[in-house]
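> Task: produce atomic coordinates for the following.
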Amino acid sequence: MFAVVEIAGSQFKVEEKQKYFVPKLNAELDKSVTFDNVLLFSDGEKTLVGTPNLKGIKVKAKVLEHIKDDKVIVFKKKRRKSYKVKNGHRQQLTKIEITKINKPKASKPKEKVEEGE
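Take a look at the predicted model:
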């Protein structure tokens with residue numbers, strides 16, 4: 001069972017009891033976070049695709065830690081012009097663990113009422 005969820009502007013394919021690094025969230029450590037922007041859900045038998053979102057399906061996650069990613073060096077140079085610029089950047093991330101993906105409730109098929117002749 002998996003779902004495709006939009007978290008902080010990025011899409012992630014998530015499964016239960018898996019850990020992911022996502023862009024930094026404004027949540028405290030060891031707190032629960034709920035994502036209701038589910039784009040796709042599959043349980044192995046049936047696949048549901050949202051237009052654009054699925055209603056009634058939510059993904060719950062637990063915030064494990066806030067960290068910084070590896071440093072990325074940005075180096076600019078123009079040859080023969082004595083121009084060199086070196087900058088660095090570290091993206092801030094949040095490590096989360098998916099605790100539960102709520103399955104959609106099975107709706108009972110409605111009985112069609114036939115009009116008598």
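> Name the spans of the protein whose pLDDT lies under the cut-off.
Counting by pLDDT under 70, the chain contains low-confidence ranges at 106-117.
> Now do the strands for the chain: every range, in order, please.
Ranges of strands in the chain, per DSSP state E, are 2-7, 10-15, 19-23, 32-35, 38-42, 47-49, 59-68, 72-78, 83-89, 92-101.
> Tabulate those in CSV, adding columns for mean neighbour count.
Using the backbone N, CA and C atoms, a C-beta is placed for each residue, glycine as well. CSV is the format used below for these (neighbours: other C-beta atoms under 10 Å):
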stretch, mean neighbour count
strand 2-7, 20
strand 10-15, 14
strand 19-23, 15
strand 32-35, 16
strand 38-42, 19
strand 47-49, 12
strand 59-68, 16
strand 72-78, 9
strand 83-89, 9
strand 92-101, 17
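> Residue 2 and residue 31: what is the separation?
24 Å (C-beta to C-beta, to the nearest Å).
> for residue 15, that is, sorry about that
Separation of residue 15 from residue 31 (C-beta to C-beta): 21 Å.
> Same question for residue 62.
Separation of residue 62 from residue 31 (C-beta to C-beta): 7 Å.
> Before I go, just wanted to say thanks for your time.
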